[in-house]
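Peer 1: need a 3D model of the following:
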Amino acid sequence: METQTHSTRAAEEASSAAPLPGIAATVAAGTLTALVTLSYSLSYGALIFSGTELQPFIPAGLQCALMAAWIVPLLLAWKSAFPFAMGGPDSNATAILALMAALVAEQLKGKVDDSEIAASVLAMLAVSAVLVGGIVYAIGALRWGKLVRYLPYPVVGGFLAGTGYLILGGSFKVLTGHSLEVCNLQCILSLGPQAWLPAVLVAAALLVLPKLTKNFLVLPSVLIAGVVVFYGGLWISGISIEAARDPNAAVQLIFTPLQPAGLKGSALACLDQAHWGVLLGQWQNFLAMTVVVIITILLNATGLDLATQTDANIDGELRANGLANIVSGLGGGMVGYLSISRSLLNFKAGGTRRAAGLITAIVCLGATFLFTPLVAYFPRPVLAGLLLYLALSMLREWLWDAMFKLPLLEYLLIVAILLFIALQGLISGVGVGVLIAAIFFVYNYSRTSCIKHCFTSAAHFSNKERSREQTDVLRQTGNQARALALQGYLFFGTASEVVEKCRELVEKEKLRYLLLDFHRVQGMDASATSSFIKLGQICARFKVELGLSDLRASGETELKRAGFLPKAEIHTFPDIDRGLEWIEDNLLANVGQAVSLPDPMQSTSQTRVLAEMALRSILARDFTPAQLDTLISCCETLKLPPDTALFRRGDPADALYFLERGELSVMLPLEGGTSIRLRSFGPGTVVGEMGLYTKQPRSADVVTTVPCRVQKLSAARMAQMEKEHPDVAIAFHSYVVRLLSSRLAAANEEIRNLL
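Peer 2: Numbers count the residues shown, from 1 in each chain. Predicted coordinates for the structure are as follows:
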């Protein structure tokens, strides 16, 4: 492919050239790029009109290609984000257009005059340019450019390899007048050396010389040398120009300079002669070409972005190329778009201004209208050699180079697509490639585990802070519960893995609680629901309580539709933290760790005594009875109703609190008046100690969830305790250090388990 295969090569060829200063550099770069653009455009026009019925009308096809050769660079120089952007007809789109032209000619052959066949092809070229341009522009306007990148890379590679094969067939037809088939290979032997030798020399030189020299003049020099060799061969052979143009000869070596009678001229003038019913039958190939155009523009824009270290607006490039194609079609031209090789050639040669694109357009415009008779003297074998070079370059990149770069399966997919294109056609090859790529994707995706984490409640806790006694109980009994964090997209294959893993855990570890978290699940299909129904049956058989957390609305709808939800024995939670908290509460209740104290809002003396007993039980392991008496005497009892702020974010950290009864939630305020829960604290825990020691303002709100009783130790009371009872203060500081160390160790262990 001229746009992609030669991108690196063009950059290397151009990099050795020293840019000329100022206006001279702009004129030289624009002229050089125009010569390259004209060479490619002539070969593409000849490729499209290489069929037997179309060959007499090749000059009209060349004019159509030349129109695009000056319109596209002109529009890109005006609209592209790259001031050095160059474009025009390209091999990828041309290969499909040549296929469409051959099919149109085949369907109309024998039914209408050859002039009407040519008129239909010219109309097809112009209309397809307008339609492709409109689609490309719309995709850029809607900012959908990134969606096209999801096409599998091996499919793109297989298509480009197939495009190389089609161009190879076009080169053979330009040279011999016959399609590339085994039975027609003998036609090469009937050609004289004046026909095949220039083609072989041009293709060989373009394949070899860029490896030996990096000069950007290689391409135009080889083409000029090919023309010289061709006419030298004619002179040596004694063949006149008229004989070389004879359409009745074995092969016509030079184009006929005048358009045949019966053809009105430009593509737009042929619209009323076109057979639109036949053209509409090419809609599949048209769609394939549209996808190719979009992908090529994206690849070329990205390549230019990287090669020149500029910032490309991909959607802007789509709009610019779409507009260029619309104008090209309305002007009677064919499809054309951004070329990475010509743009880099222009850039390295010094054409960094938009004026270089204008120079290129002017030179190509002159070739289209003023120097058209000279174009007719361009030898067909030289154009065939240029096409042969393009075809071999693409086949080398995707059949030889790809063998050493891609995994075996992806490489074999490229080869399979190429064979299908060669045997069954372009659409069949790409369709089979997409199907095989989809099967590969499903197979590889099914091998990727949809279980991101699997942990027990002994190693991974909820964000609810619990007393040290309760934490010890959870470490001892937490193996009775498992939580599985799922990920990806769930379908029958991946959901079956979840069921088998859960069955194994239930049978081997005698689980009592099982929690499935769907936070990282992008979606599920109907086939996955049957697996979850089976999981529910397994849990019911082994008396395991099942919980689901963070289930999306779409997933919940699927499970409800299947009858899996709602059920009393299946619990749902808004997030995994609430699900883990539910498991922990049940584990603690099973061993009698639920705290049972009087209503904290009561103020009787008996309540005070029981509260002191509760605080003593919390701290009994870390203080002597005498130290506890002193510590409790320094605390202030607070009885708080629900939804009461213990402190707010930004408040001074002037106290810590022992929670005797109830529950506290750490809430982080967000914009818009909302907040999220970061952590919760249960009876027997301490809150606010970090701020007291660091003297930093509070970082979040702490709010009561239910009626709470807390013991407040202020900074002033603690300072007094340090002064009057240093032994109690030392014991208290040691307690806080152990508390923080225990939290840090638990966090580290949790991180290790997740990793």
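Peer 1: distance from stretch 482-490 to the middle of the chain?
Peer 2: Centre-to-centre, stretch 482-490 and its host chain are 24 Å apart (Cα atoms, centre = their mean, to the nearest Å).
Peer 1: cool, and stretch 720-735?
Peer 2: With Cα atoms, centre = their mean as the basis, stretch 720-735 stands 61 Å off its chain's centre.
Peer 1: outside of that stretch, which residues touch it?
Peer 2: 619, 622-624, 627, 630-631, 634, 718 (Cβ atoms under 8 Å, 6 or more residues apart in numbering). Every residue, glycine included, has its C-beta placed from N, CA and C.
Peer 1: and the two most separated of those?
Peer 2: For those, the maximum inter-member distance is 18.3 Å, found between Thr624 and Met718 (Cβ to Cβ).
Peer 1: who's more crowded, these two?
Peer 2: When neighbours are counted by other Cβ atoms under 10 Å, Thr624 and Met718 differ, and Met718 comes out ahead with 19 against 12.
Peer 1: after the helix or strand of the chain at the bottom of the mean pLDDT ranking, which helix or strand is next?
Peer 2: None of the helices or strands of the chain scores lower by mean pLDDT, DSSP states H and E than helix 7-15, at a mean of 39. From helix 7-15 onward toward the C-terminus, using DSSP states H and E, the following helix or strand is helix 22-48.
Peer 1: can you pull the buried residues of that next one?
Peer 2: Under the neighbour-count criterion of 16 or more other Cβ atoms under 10 Å, helix 22-48 has 25-48 buried.
Peer 1: so which elements touch the longest strand anywhere in the chain?
Peer 2: In the chain, taking DSSP state E as the definition, the longest strand is strand 513-524. Judged by 3 or more Cβ pairs under 8 Å, 6 or more residues apart in numbering; DSSP states H and E, the packing partners of strand 513-524 are strand 481-490, helix 492-509, strand 545-549, helix 553-561, helix 576-590.
Peer 1: what is the shortest one packed up against?
Peer 2: On a contact count with 3+ Cβ pairs under 8 Å, 6+ apart, strand 545-549 meets strand 513-524, helix 526-541, strand 570-573, helix 576-590.
Peer 1: same list (those) but as a markdown table, adding distance to Leu201, mean neighbour count and mean pLDDT.
Peer 2: Below are the helices and strands packed on strand 545-549 laid out as a markdown table (distance: least, Cβ to Cβ, whole Å; neighbours: other Cβ atoms under 10 Å; pLDDT from 0 to 100):
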| stretch | distance to Leu201 | mean neighbour count | mean pLDDT |
| --- | --- | --- | --- |
| strand 513-524 | 56 | 20 | 88 |
| helix 526-541 | 60 | 17 | 84 |
| strand 570-573 | 75 | 18 | 89 |
| helix 576-590 | 70 | 20 | 87 |
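Peer 1: now render the ones you listed as CSV, adding distance to Val251.
Peer 2: CSV is the format used below for the helices and strands packed on strand 545-549 (distance: least, Cβ to Cβ, whole Å):
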stretch, distance to Val251
strand 513-524, 59
helix 526-541, 60
strand 570-573, 77
helix 576-590, 75
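Peer 1: Asp272: which of these is closest?
Peer 2: Here strand 513-524 is closest among these (Cβ to Cβ), at 52.0 Å.
Peer 1: alpha carbons of the closest one, in PDB - could you do that?
Peer 2: The C-alpha trace of strand 513-524 is given here as PDB (Å, rounded to 0.1, in the frame of the first residue of the first chain):
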ATOM      1  CA  TYR A 513     -21.300 -17.200  53.100                       C
ATOM      2  CA  LEU A 514     -20.500 -16.400  49.400                       C
ATOM      3  CA  LEU A 515     -20.300 -12.900  48.000                       C
ATOM      4  CA  LEU A 516     -20.000 -12.000  44.300                       C
ATOM      5  CA  ASP A 517     -19.000  -8.500  43.400                       C
ATOM      6  CA  PHE A 518     -19.900  -7.100  40.000                       C
ATOM      7  CA  HIS A 519     -18.200  -3.700  40.200                       C
ATOM      8  CA  ARG A 520     -15.700  -4.500  37.400                       C
ATOM      9  CA  VAL A 521     -18.200  -6.400  35.200                       C
ATOM     10  CA  GLN A 522     -19.000  -4.500  32.000                       C
ATOM     11  CA  GLY A 523     -22.100  -6.600  31.200                       C
ATOM     12  CA  MET A 524     -23.500 -10.000  30.800                       C
END
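Peer 1: what's that strand in contact with?
Peer 2: Contacts of strand 513-524 (Cβ under 8 Å, 6+ apart): 450, 452, 457, 480-491, 495, 498, 502, 505-506, 539, 544-552, 554-555, 558, 575-576, 579-580, 583, 586-587.
Peer 1: so what angle separates the directions of it and helix 526-541?
Peer 2: Angle, strand 513-524 to helix 526-541, by axes from the mean of the first three to the mean of the last three Cα atoms, to 10 degrees: 170 degrees.
Peer 1: follow-up on the earlier one: out of the contacts of stretch 720-735, which is most surrounded?
Peer 2: When neighbours are taken as other Cβ under 10 Å, the top entry among the contacts of stretch 720-735 is Leu631 (26 neighbours).
Peer 1: ok, for it, nearest residue in space, not its chain neighbours?
Peer 2: Distance criterion Cβ to Cβ, 6 or more residues apart in numbering; nearest residue to Leu631, sequence neighbours excluded, is Val728 at 5.9 Å.
Peer 1: A helix includes the one you found, no?
Peer 2: Yes - Val728: assigned to a helix according to DSSP: H, G, I helix; E, B strand; the rest coil.
Peer 1: what number of residues lie near it?
Peer 2: Val728: 21 surrounding residues under other Cβ under 10 Å.
Peer 1: now it: how far from Ile538?
Peer 2: Distance check for Val728 against Ile538: by Cβ to Cβ, to the nearest Å, it reads 55 Å.
Peer 1: if we can go back for a sec, export the helices and strands packed on strand 513-524 to JSON lines and tack on distance to Ala225?
Peer 2: Compiled in JSON lines, these are given as follows (distance: least, Cβ to Cβ, whole Å):
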{"stretch": "strand 481-490", "distance to Ala225": "57"}
{"stretch": "helix 492-509", "distance to Ala225": "60"}
{"stretch": "strand 545-549", "distance to Ala225": "73"}
{"stretch": "helix 553-561", "distance to Ala225": "65"}
{"stretch": "helix 576-590", "distance to Ala225": "72"}
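Peer 1: many thanks, I have nothing further to ask.
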